[in-house]
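Participant: what would the 3D arrangement of this be:
(chains A and B)
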Amino acid sequence: MIAEFGLAALWLAAALAALQLVAGALVLRRDEPGLAALVRPAAVVQGLLAALSFGALLLLFVQTDLSVRLVAENSHTAKPMIFKIAGAWSNHEGSMLLWVAVMAMAGGLIALIERRLPERTLLATLAAQAFVSLGFYAFLLVSSNPFERLSPAPLEGNGLNPLLQDVAAAYHPTTLYFGYVGLSVAFSFAVGALLTRQVTPDFARAMRPWVLGAWIFLTLGITAGSYWAYYELGWGGWWFWDPVENASLMPWLAATALLHSASVLAARDALRAWTIMLGVVAFSMSMIGTFLVRSGILTSVHAFAVDPERGSFILALLTLYIGSALTLFALRAGTVAEGERFSVTSREGALVVNNVALSAILAIVLVGTLYPLLTEAFGIKVSVGPPYFNPVSALFFMPMLVVLAVGPLLRWRRDSLGRVQNEVVLVGVIALLVLAGVWFNTSIGLLPLLGLALSVAIAVGSILPLKGRSLRRLPLAVWGMVVAHFGIAVALFGMSADSAFTKEKLVAATPGETVEVGPWKVTLEAVEPVAGPNWTALEGVLAASYKGGKPKQIAPQSREFWSPVQKTSESALLTRWNGQLYAVIGEEIDGGRWQIRLWWKPFVTWIWYGGLLIGFGGFLALLGRVMGDLKRRSLQARIARRRRTAADEEQAA
Amino acid sequence: MKQIRWTLWVPLALFGAFFVLVASQLMNPASTTVESAMIGKPLPDFALKPASADRPGLATSDMQDGQPHLLNVFASWCVPCAAEAPQLSALERAGANIVGVAIRDRPEDVAAFLAQHGNPYSRIGADDLSEVQVGIGSSGVPETFVVDGKGIIRYQHIGDIRDQDVPMLLEKLKEAAL
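Facilitator: Take a look at the predicted model:
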């Protein structure tokens, strides 16, 4: 029953999306109050129905109803509850349903609360949102029905990819989906604004919380995904420029640019067409990313979700969305006036540098990701990796980060470097001091060296906007900016320190043997078999002592799952404030000796602390914007009330 | 404003290029097998000691006798190798000259394997360090190479030989003999 209920809710939601699209589009052509009144309620009900449908799927997974094909294929009665629940979206159909449900709920929320935009623009936005949703509904209902029954029902399910039985993996795809959905909302706003030619600061203000929300989720999703790859894959690296990582990075780059250009549009009514373009591009990147991951035309560690037929469907959808949005852009953007002017040395100028650099990096990542496809069309197989991505993207990252260190100090519209001379000199001197200090003491690569210097400079530069302001009365949005920029410094420091100072050791050790890596002495005490709910493992018991201190025990495992059969290595980590000891156990060789791989990674955890700080900064900014909005609204309501009473009194008099 | 209007179409054009690229890739999915770069090239020089007591070892010169050979890369510890044994025997009965390269194996295991699954090989070399395997560009077991009478690698078959592959391999041998 639950499955049928979920399917029925999904069909009804699709029907309402169709209504929302048709009514919204007709209102654009001629004013019909009757139709216009339909759009908002349709969006709200559609959101509720899609949420109910996803709720039904969750329930099926919680109960492990094996008569539903999706559950039978992706779950197992022996699995811990949290992974049963995660099973609902750790597969193609479920993740698409989650996507469309969140998108529909976002549409419903806009319909409920958004009062700032001209009504026609809002209806056009909702129609665009329905247009995007309809494609996903069609996809689900036509070719990937998550509620399909299986008869006869199997006695046991097929499990979940053991690599994904992991808390970070359980929540990392959902955060990315929330991010993608947020960008789809930004896309709808951009299309709505283009359709009604209302590219105004109000449009930017209405769109901004959604971009911010999406950006927070993307930031956290990438951070979690990077940490997952770091400890689960057992390679000790935290970023591999894998196509799927790139697929999540590209929307983030576009969203970061959009966030900053939307701020310019909201504050200064400049960069109108550019902001619209970024709104389209950001969502395009999430669709293209999803397509690259799902279609399997690129090989990657995430190959668990691959299906060429689905790939064609997603390609058709994204062509429809992006193609029509870009056509609309080409036809309309010329009629959107350029907006306010500003001088190069100004807040806007610095933000333009940010936007140009981010767009360039986006292009670099996109080209690098697609390049193997291009050469393969000519029969040449290549893979593009860090030797391309690191230096080429650094070419734009570094100047951008330099500007980041001082940009927030500049005033809007027109400023001179002379006014912020002291701060610029301070930041510059600090950067040079760090550069020289590191240069003379160790010999490390150019990029990590620059990275270390810049990270300290940005850390200082990021808190300078607080100077001379009352910390208590500073708007939350400014706090958000400061925290996020500081987070970038922290993450950059972690990246540079990790790549400059990591020590690695691969040994074949017998129990009792001690290995030295960096400041650590690690003793292999024993290798023991252990068993979990759905796996067995060999566990190496290691005692690690930092600079001769008290030894701490860590236990890396080499796990074997039995449903489905798969081997994974569970790395063991020992975290200190200044870095992590990373241990992996491998095979037994020559009887009694065990392959052990150890890394000492100074400050590596700062990468993810930085990511969390960036996300937290975004959260503060979002909170500030939303609260500011609420305050403004209640103020407006009070003024309107007072006016009414004044008018009433006047009449009475 | 008027003269820069065409730039507004650039994003759409770029997207069009992206579409053409991925759509064409989607239509002809690339093969995911790693083919040997040695096809069309002569065998590297090697001389392997015998892997089993009743057959001689294998050297490059053995393959340059003017006759085409099937070079089968196998191992006693490899399950698909046991699965393809009947097809190898069928090829031998059809007149193919089959030589074996046993990868990282022990003589007693090879003997047991051949006793159980039959021995279609005229020669078997023991490749204890996978030197020959790497040298001819094989990335796993089992793989089967068609080598012509001059010792030039003509064709690579990856994975076990199925029933339907037998006539195809005989055809390739015939082509190699020309």
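Participant: any regions of chain A where pLDDT drops low?
Facilitator: Residue ranges of chain A with pLDDT under 70: A:159-166, A:168-169, A:296, A:298-308, A:563-565.
Participant: need the longest helix for it.
Facilitator: helix A:605-652 (DSSP state H).
Participant: got a list of what residue 71 touches?
Facilitator: In the absence of a named chain, this looks at chain A. Each residue near residue A:71 by C-beta atoms under 8 Å, 6 or more residues apart in numbering or on different chains is listed here: A:60-61, A:64-65, A:87, A:157. In this view, the C-beta of every residue, glycine as well, is placed from N, C-alpha and C.
Participant: nope, chain B please
Facilitator: B:63, B:98-101, B:136, B:144-147.
Participant: include neighbour count when you put the contacts of residue A:71 into CSV, please.
Facilitator: Shown next, in CSV, are these (neighbours: other C-beta atoms under 10 Å in any protein chain shown):
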residue, neighbour count
A:60, 24
A:61, 25
A:64, 19
A:65, 19
A:87, 30
A:157, 23
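Participant: distance of the nearest residue to residue A:118 once chain neighbours are set aside from chain B?
Facilitator: Sequence neighbours aside, residue A:198 is the residue nearest to residue A:118 in space, at 5.7 Å (criterion: C-beta to C-beta, 6 or more residues apart in numbering or on different chains). Distance check for residue A:198 against chain B: by C-beta to the nearest C-beta, to the nearest Å, it reads 18 Å.
Participant: can you give me phi and psi for residue A:198?
Facilitator: phi -110, psi 60 (degrees, to the nearest 10).
Participant: correct me, but it touches residue A:122?
Facilitator: No - look at residue A:198 against residue A:122 with C-beta atoms under 8 Å: they stay out of range, at 9.8 Å.
Participant: mind checking which of the two has more residues around it?
Facilitator: Set residue A:198 next to residue A:122 and count neighbours by other C-beta atoms under 10 Å in any protein chain shown: residue A:122 wins out with 24 against 17.
Participant: coming back round to it: tell me who's in contact with the residue nearest to residue A:118.
Facilitator: Counting by C-beta under 8 Å, 6+ apart, residue A:198 touches A:117-118, A:120-121.
Participant: any idea how far it lies from residue A:8?
Facilitator: 38 Å (C-beta to C-beta, to the nearest Å).
Participant: helix/strand/coil for the spatially most central residue of chain A?
Facilitator: With distances taken as C-alpha atoms, centre = their mean, residue A:218 lies nearest the centre of chain A, 1.3 Å away. Following DSSP: H, G, I helix; E, B strand; the rest coil, the label given to residue A:218 is helix.
Participant: that one touches residue A:172, doesn't it?
Facilitator: No - at 11.0 Å, residue A:218 and residue A:172 do not qualify as touching, with contact defined as C-beta under 8 Å.
Participant: for residue 150, which non-adjacent residue is closest in space?
Facilitator: I'll assume chain A. residue A:69 (4.3 Å).
Participant: that's the other chain; I wanted chain B
Facilitator: residue B:64 (6.0 Å).
Participant: what about the one you found, distance to chain A?
Facilitator: Distance from residue B:64 to chain A, by C-beta to the nearest C-beta: 31 Å.
Participant: give me the most central residue, chain B.
Facilitator: So for chain B, C-alpha atoms, centre = their mean, it's residue B:156, sitting 3.5 Å from the centre.
Participant: any idea of the angle the helix or strand harbouring residue A:256 forms with helix A:605-652?
Facilitator: Element membership for residue A:256 (DSSP states H and E) is helix A:243-268. Inter-element angle recorded for helix A:243-268 and helix A:605-652: 30 degrees (by axes from the mean of the first three to the mean of the last three C-alpha atoms, to 10 degrees).
Participant: run the chain-centre distance for helix A:243-268.
Facilitator: Remark: helix A:243-268 is offset 10 Å from the chain centroid, using C-alpha atoms, centre = their mean, to the nearest Å.
Participant: alpha carbons only: can I get stretch A:91-109 in PDB?
Facilitator: Output of stretch A:91-109 as PDB, limited to C-alpha atoms (Å, rounded to 0.1, in the frame of the first residue of the first chain):
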ATOM      1  CA  ASN A  91      20.700   4.800  -5.500                       C
ATOM      2  CA  HIS A  92      19.600   6.300  -8.800                       C
ATOM      3  CA  GLU A  93      15.800   6.300  -8.400                       C
ATOM      4  CA  GLY A  94      15.800   7.300  -4.800                       C
ATOM      5  CA  SER A  95      18.200  10.200  -5.300                       C
ATOM      6  CA  MET A  96      16.100  11.500  -8.200                       C
ATOM      7  CA  LEU A  97      13.000  11.400  -6.000                       C
ATOM      8  CA  LEU A  98      14.800  13.200  -3.200                       C
ATOM      9  CA  TRP A  99      16.000  15.800  -5.700                       C
ATOM     10  CA  VAL A 100      12.500  16.400  -7.100                       C
ATOM     11  CA  ALA A 101      11.000  16.400  -3.600                       C
ATOM     12  CA  VAL A 102      13.400  19.000  -2.300                       C
ATOM     13  CA  MET A 103      12.900  21.000  -5.500                       C
ATOM     14  CA  ALA A 104       9.100  20.900  -5.100                       C
ATOM     15  CA  MET A 105       9.300  21.900  -1.500                       C
ATOM     16  CA  ALA A 106      11.600  24.800  -2.300                       C
ATOM     17  CA  GLY A 107       9.100  25.900  -4.900                       C
ATOM     18  CA  GLY A 108       6.300  25.700  -2.400                       C
ATOM     19  CA  LEU A 109       8.300  27.700   0.100                       C
END
